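A.B. asks: model the following, please.
(one chain, ligands or ions: 1)
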Amino acid sequence: MSPPHNAVVIGAGVIGCSVALELGRRGHDVVVVDALPAAGYGSTSSSSGIIRFHYSTEAGVAMAWEGRHYWQDWPAHVRAEPGTDGSPAVDHEAVASMVELPMYMFLAPDAERPIFLDHFDKFGIPYEIQPRSALESGAVNLDFRMFGPPARLEDDDNPFWGEPVDRFEDLLWMGGAGYVPDPQLAAQNLCTAAMAEGVEFLFNSKVVDVDRSADGDRVAGVTVVGGPADGQTIAAPIVVNVAGPHSSKINELAGVTGDMARSGRALRREVYLAPAPRGFDEQSGFQAADLDVGVYFRPESGGNIMVGSVEPECDELEWVDPDDFDETVTEDEFQLAMMRTARRMPDLGIPHSKRGLVALYDATEDWTPIYDRSSLDGFYLACGSSGNQFKNAGVAGHLMAELIEAVESGHDHDADPITVIGKYTGFGIDTATFSRRREVDANAANTVLG
Ligand SMILES: Cc1cc2nc3c(=O)[nH]c(=O)nc-3n(C[C@H](O)[C@H](O)[C@H](O)COP(=O)(O)OP(=O)(O)OC[C@H]3O[C@@H](n4cnc5c(N)ncnc54)[C@H](O)[C@@H]3O)c2cc1C
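C.D. replies: Here you go, the predicted structure:
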């Protein structure tokens, strides 16, 4: 380890690496510590990687739209190609890329116009209300009947499993969306780019304590167990908590939970794979957030469909200890997700053997992340990513670097939260939305859609 550092980033997930890269590019001496052996091995590795823009808050929409532009510009962002300023290219083994794929939502005839469309209008995000014939004429056989609200399998008398007559007339088509098939590679790209800026990474190094200055008013560094700095305290006046589903454990170590109205908790989630129904692939032209049947789905490589949940009310949420949870896919939940998806896609053959993964969200009460300072000077929060911040990794790094520099220059961010200007879109992102002390917005989502 090469001291002195002026910032420690806890966590080498896609957001931690992005924060480190931005700070490194601004000339900070940064060290990233992670308990795992390489970048992106935490919850990032399980991400569905979907890029879309419908969030319940204006700042959420602005951030996701700005975030998309990083993916479009990814090779330049991670300097896989020479910089326009003449800086040399960084050597990456492979470079992540975004597959462009529009997103559909099914709109009930009596549904109110989603509030996020006002924000789409403001930021020029492409969308259209399309008649269902737009998808009916496509390659995938879809059942446009209205089944919802979703039910459990054991509730077999529920109308959800019956034969409804009403059909969706309209669909909401959202352009500019897509997905990143290899989220871990994206984190590794950021890590490699950060190393080229002089950022140091300590892997297999678990933070076991957050240290304070002698007067207790400021963070002074972290103590780690394992890895090259085993048993040592890494001193730094800035520490950023980007520990994903472990972030609340780190906040407790730092003693900063007292004034946090919002916090992340580890939520166990399952995501499934099955052979895709006929015609459903990258070329068939869509992915979907289908609240009517309670799932999101997108094509996955190898002729598969990936299916995740949008937390219908009938499903219990499973809050867990991030160090002690069941990592096997549940047979019953797999069947349930398949049966729900098959309501919309009758050609989905339900496999006999379950396939998928188990992972954790770091979910806040309002499914909105926390990008903020904390009550302890020098200790910053980029956590509570609520299963929906992969897409924002690039812009989250920029936002945190702006926030840290503003606060370290004396700005009272609690009294006057900064507005961060997107590098690509030029739109302002009001960081009050991501405050640890925020009230829950009346329009806040109760789902991963955020
Ligand atoms: C199943 C699933 C599907 C998702 N799908 C999407 C999606 O489609 N679109 C989207 O935008 N987002 C999605 N997300 C969310 C997105 O993947 C996360 O918001 C993002 O990856 C979080 O990145 P991170 O860097 O904050 O955390 P992580 O990737 O979890 O990284 C945190 C790191 O901190 C380290 N750490 C923890 N404790 C310690 C400690 N004490 N000491 C040292 N290191 C520590 C961990 O080892 C880990 O590497 C999904 C998430 C999951 C789980």
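
A.B. asks: check the offset of whichever strand or helix holds Arg343 from the chain's centre.
C.D. replies: Secondary structure assignment for Arg343, by DSSP states H and E: helix 331-344. Per Cα atoms, centre = their mean, to the nearest Å, the displacement of helix 331-344 from the mean C-alpha position of its chain is 24 Å.

A.B. asks: go on, stretch 64-73?
C.D. replies: With Cα atoms, centre = their mean, you get 13 Å for stretch 64-73.

A.B. asks: repeat for stretch 269-279
C.D. replies: 20 Å.

A.B. asks: name the residues of that stretch that are buried.
C.D. replies: Arg269, Glu270, Val271, Tyr272, Leu273, Ala274, Ala276, Pro277 (16 or more other Cβ atoms under 10 Å). C-beta here means a position set from N, CA and C on the backbone, and glycine is covered the same way.

A.B. asks: alpha carbons of the helix holding Arg343, as CSV, please.
C.D. replies: Extracted in CSV, the C-alpha atoms of helix 331-344 (Å, rounded to 0.1, in the frame of the first residue of the first chain):
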residue,chain,number,x,y,z
GLU,A,331,-38.4,-24.0,-6.7
ASP,A,332,-41.8,-22.5,-5.8
GLU,A,333,-40.8,-18.9,-6.6
PHE,A,334,-39.3,-20.1,-9.9
GLN,A,335,-42.6,-21.8,-10.9
LEU,A,336,-44.5,-18.7,-9.8
ALA,A,337,-42.4,-16.3,-11.9
MET,A,338,-42.7,-18.6,-14.9
MET,A,339,-46.5,-19.0,-14.5
ARG,A,340,-46.9,-15.2,-14.2
THR,A,341,-44.7,-14.6,-17.3
ALA,A,342,-46.6,-17.3,-19.2
ARG,A,343,-49.8,-15.3,-18.7
ARG,A,344,-48.4,-12.7,-21.0
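
A.B. asks: give me every residue in the stretch 201-350 of the chain lying close to the ligand.
C.D. replies: Lys206, Val207, Val242, Ala243, Gly244, Pro245, His246, Ile250, Arg269, Val271 (Cβ under 6 Å from any ligand atom).

A.B. asks: change it to 5 Å
C.D. replies: Contact residues, the stretch 201-350 of the chain versus the ligand (Cβ under 5 Å from any ligand atom): Lys206, Val207, Ala243, Gly244, His246, Arg269, Val271.

A.B. asks: can you list those in CSV and add pLDDT and distance to Tyr424?
C.D. replies: Output for these, formatted as CSV (pLDDT from 0 to 100; distance: Cβ to Cβ, whole Å):
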residue, pLDDT, distance to Tyr424
Lys206, 98, 36
Val207, 98, 33
Ala243, 98, 28
Gly244, 98, 25
His246, 98, 31
Arg269, 98, 30
Val271, 98, 29
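
A.B. asks: can you tell me the residue of the stretch 1-150 of the chain closest to the ligand?
C.D. replies: For the stretch 1-150 of the chain and the ligand, the shortest gap (Cβ to the nearest ligand atom) falls at Gly13, measuring 2.2 Å.

A.B. asks: residues contacting that residue?
C.D. replies: Ala39, Gly40, Gly42, Ser43, Thr44, Ala187, Val242, Gly244 (Cβ atoms under 8 Å, 6 or more residues apart in numbering).

A.B. asks: go again with 7 Å.
C.D. replies: Going by Cβ atoms under 7 Å, 6 or more residues apart in numbering, Gly13 touches Gly40, Gly42, Ser43, Thr44, Ala187, Val242, Gly244.
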